[in-house]
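Visitor: sequence below, structure please.
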Amino acid sequence: MTVKQAATTSPDHGCAPEERHISDLLQTGMLVINKPKGPTSHMVAEYVKKILKVKKAGHGGTLDPGVTGVLPVALAKSTRVSQALLLAGKEYVCLMRLHKDVPEKKIASRLKQYQGEITQLPPVRSAVKREKRKRTVYSIELLDVKDRNVLFKMRCQAGTYVRKFVHDYGLPLGGAHMAQLIRTKAGPYTDKEMHTLQELEDAYQFYQEGDEAMLREILLPLETAISHLPKMWLLDSTIDSIAHGAKLHLPGIAKYDDHIIEDDMVALLSLKGELVALAKAATDSKGMAKAKGLAASPHTVFIQPGVYPREQRL
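Guide: Down below sits the predicted model:
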């Protein structure tokens, strides 16, 4: 992180994410559901909406009905942050069933061959156009082999089809199919943060009876959804202009991450850590050191006008 200019934030404006009232979290929060086998991701988001009695709830990355595990859900005003999760990397634990007996050493060596860039043709039943596309498998770890059952963990780029991966992997080995799939990570969220729908329903019942402890443990600040993104921290006097639709110029920045890449999505934060907006970086980290110029173009603004005073013209 590089400090561009020394700055402080006024306690009279805004609110640190960890200090938000639970009623605010119900309108701007996130939660991680342990998606059960059976319902679609959209159905799970609808269940969450009904349980918490909120107007909107949207999931951050589709899981097929038969797949279980980490499903981030954004509530009400936070649903627009889902775009930051859709492109984030994923992690899965997969149970693959081979159609013929294969030595464990051969299973392991072939898995290693699939680490790195792979080419996939999406399945016939998919939401995208069926054309070959490149995807990156960041890592594969063989966890267990028992007879023809192979358990492995895979970290991969968003949009990787694990079922298709298993099919392609098994072709020269006599065939294979995916027997079970669990998502253990989606962007910044892991299985350590997830809760069942029943736990959510119980927590909300306790909340209605005056005990918010369990629900507060489940609801996460909006900002947790962008913890994996590069960030720029803004001066208090800059924030209201962004809330009114202005672009961000370099003089309005207090500090920034050192790994910003031009044209990538970045998160604009207040010095209290509040998500002000998602934006497209107009320069890289080296360019951020300049005194003047365009820093980023916000495309999704979260903070409301008037939360911070409007003082500095950009």
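Visitor: from the chain's centroid, how far away is the helix or strand of the chain with the lowest mean pLDDT?
Guide: Least confident element among the helices and strands of the chain, by mean pLDDT, DSSP states H and E: helix 82-86 (a mean of 88). Distance of helix 82-86 from the chain centroid (CA atoms, centre = their mean, to the nearest Å) equals 5 Å.
Visitor: how about it: buried residues?
Guide: For helix 82-86, a neighbour-count test (16 or more other CB atoms under 10 Å) marks 82, 84, 85 as buried. (Each C-beta comes from the backbone N, C-alpha and C, glycine too.)
Visitor: which single one of those is nearest to residue 234?
Guide: residue 84 (17.6 Å; CB to CB).
Visitor: what about the closest one, distance to residue 30?
Guide: Here residue 84 is placed at a distance of 11 Å from residue 30 (CB to CB, to the nearest Å).
Visitor: shared neighbours, these two?
Guide: Each of residue 225 lies in contact with both residue 84 and residue 30 under the rule CB atoms under 8 Å, 6 or more residues apart in numbering.
Visitor: one step back: helices or strands up against the helix or strand just after the least confident helix or strand of the chain?
Guide: Using DSSP states H and E, the next helix or strand after helix 82-86 towards the C-terminus is strand 90-98. Judged by 3 or more CB pairs under 8 Å, 6 or more residues apart in numbering; DSSP states H and E, strand 90-98 is in contact with strand 149-156, helix 162-170, strand 176-186.
Visitor: hmm, back to that, and which of the buried residues of helix 82-86 is nearest residue 158?
Guide: For the buried residues of helix 82-86, the nearest to residue 158 is residue 85 (8.7 Å; CB to CB).
Visitor: quick check: the gap between that closest one and residue 151.
Guide: Residue 85 is 26 Å from residue 151, by CB to CB.
Visitor: can you list phi and psi of the residue lying farthest from the centre of the chain for me?
Guide: Centroid-distance maximum for the chain: residue 101 at 38.2 Å, with CA atoms, centre = their mean. For residue 101, the backbone dihedrals (degrees, to the nearest 10) come out as phi -70, psi 130.
Visitor: distance of the nearest residue to it once chain neighbours are set aside relative to residue 228?
Guide: Nearest non-adjacent residue to residue 101, counting by CB to CB, 6 or more residues apart in numbering: residue 148, 6.5 Å away. Distance of residue 148 to residue 228, given as CB to CB: 36 Å.
Visitor: can you check residue 144 too?
Guide: 29 Å.
Visitor: who has more neighbours, the two?
Guide: Legend: neighbour count by other CB atoms under 10 Å for residue 144 and residue 228, higher for residue 228 (15 against 10).
Visitor: okay, the helices and strands packed on strand 90-98 in a markdown table with distance to residue 221, mean pLDDT and mean neighbour count next?
Guide: Shown next, in a markdown table, are those (distance: least, CB to CB, whole Å; pLDDT from 0 to 100; neighbours: other CB atoms under 10 Å):
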| stretch | distance to residue 221 | mean pLDDT | mean neighbour count |
| --- | --- | --- | --- |
| strand 149-156 | 25 | 98 | 19 |
| helix 162-170 | 30 | 94 | 19 |
| strand 176-186 | 17 | 97 | 19 |
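Visitor: just put those in a markdown table and tack on distance to residue 295.
Guide: Shown next, in a markdown table, are those (distance: least, CB to CB, whole Å):
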| stretch | distance to residue 295 |
| --- | --- |
| strand 149-156 | 31 |
| helix 162-170 | 38 |
| strand 176-186 | 29 |
